[in-house]
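Visitor: here is a sequence with its predicted model. Questions after.
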Amino acid sequence: MSDTQQKYIGLLLIVLLFASYIAINNIISFKINLQASKNNIKVLMEKMNELRMSLEANQSRIEKKMFELKRNLLTKCEQGDGSSRHKNLAKLLLLVVKMKNSLLQEAKFDNHISSIKPLISELDDPEIESAVGELENLKEVETLRELKLSFEKNIAVINYNKSTLFEKVISNWIKIKDKNDPLRVKFAEIEELINDNDWQGIATAVGNLTHPEFKLWLSKLNNFIIASKNISTIYHHLLQYIS
């Protein structure tokens, strides 16, 4: 074997050793991150369960309020106190509640603006009309569930772009969601703030979402907030007419 061949073989071995070293380090890092993720899944699942229970409690309160309002409306109708008007108010309130619930819990937004518009004309309420106008101007409204799915897609793109070549190759076969990922923790925080109607808190929470991948998502979130605010405005004004 010539000296030149020995040099090439030596260089090849060095390259292979270096590549093996990088691969081993990546595997070790991957296992450490995986273990950390497993250790935090329980805590994050508990937070999600708390949020789910909170949403269910809100749903229960709305259903109780609807029952009380229906009973109140029935009494007024039996007394001849503008039965047609109160029936329209009851229908309006039901449609608004459906819209609000769909924003928080459904796969698609249940838009009833076209059905609401004719019913609000007799109220002659500028604030309700303004809120309906704001909702009409929204070209697209995504529900909380849709926002979460698109947020997850953005996380996947961001993590893929910053991963090593080895991690990119592995990701073609293994998909692992790190529940302790700072961005996923961020969305859990945003989700909780939405449930609390803390719009100022949301503005603060999304302030550091500077990745370009979130530009479109932030626009969708803004539409969600506008829809939620205006639906709440209509809902609370209708309660004033009924109570």
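Guide: Everything's here; your move.
Visitor: pLDDT weak spots in the chain?
Guide: 1-83, 169, 171-172, 174-177, 243 (pLDDT under 70).
Visitor: mind doing that once more with 50?
Guide: 41, 77-78, 80-81 (pLDDT under 50).
Visitor: all helices for it, in order.
Guide: With DSSP state H, the ranges of helices along the chain come out as 3-78, 83-105, 113-120, 126-136, 144-162, 165-171, 182-195, 199-205, 215-242.
Visitor: what's the last one packed up against?
Guide: Yep, that's helix 215-242 we're talking about. helix 3-78, helix 83-105, helix 126-136, helix 144-162, helix 182-195, helix 199-205 (3 or more CB pairs under 8 Å, 6 or more residues apart in numbering; DSSP states H and E). Just so you know, the C-beta spots here come from the backbone N, C-alpha and C atoms, and that holds for glycine as well.
Visitor: one more time with 6 Å
Guide: With contacts defined as 3 or more CB pairs under 6 Å, 6 or more residues apart in numbering; DSSP states H and E, helix 215-242 has these neighbours: helix 83-105, helix 126-136.
Visitor: can you put these in CSV and add mean neighbour count and distance to Ile242?
Guide: Shown next, in CSV, are the helices and strands packed on helix 215-242 (neighbours: other CB atoms under 10 Å; distance: least, CB to CB, whole Å):
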stretch, mean neighbour count, distance to Ile242
helix 83-105, 18, 6
helix 126-136, 16, 13
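Visitor: right, so of the ones you listed, which gets closest to Asn159?
Guide: Proximity to Asn159 (CB to CB) singles out helix 83-105 among these, at 27.6 Å.
Visitor: residues making contact with the closest one?
Guide: Residues from elsewhere that reach helix 83-105, judged by CB atoms under 6 Å, 6 or more residues apart in numbering: 73, 76-77, 109-110, 112, 115-116, 119, 143-144, 228, 231, 234-235, 238, 241-242.
Visitor: cool, and stretch 206-218?
Guide: Ser150, Asn154, Val157, Ile158.
Visitor: who's in contact with the last one?
Guide: Meaning Ile158. Counting by CB under 6 Å, 6+ apart, the residues that Ile158 touches are His211, Glu213.
Visitor: and it, how far is that from Leu104?
Guide: 26 Å (CB to CB, to the nearest Å).
Visitor: who wins for proximity to Glu167 among the helices and strands packed on helix 215-242?
Guide: helix 83-105 (35.4 Å).
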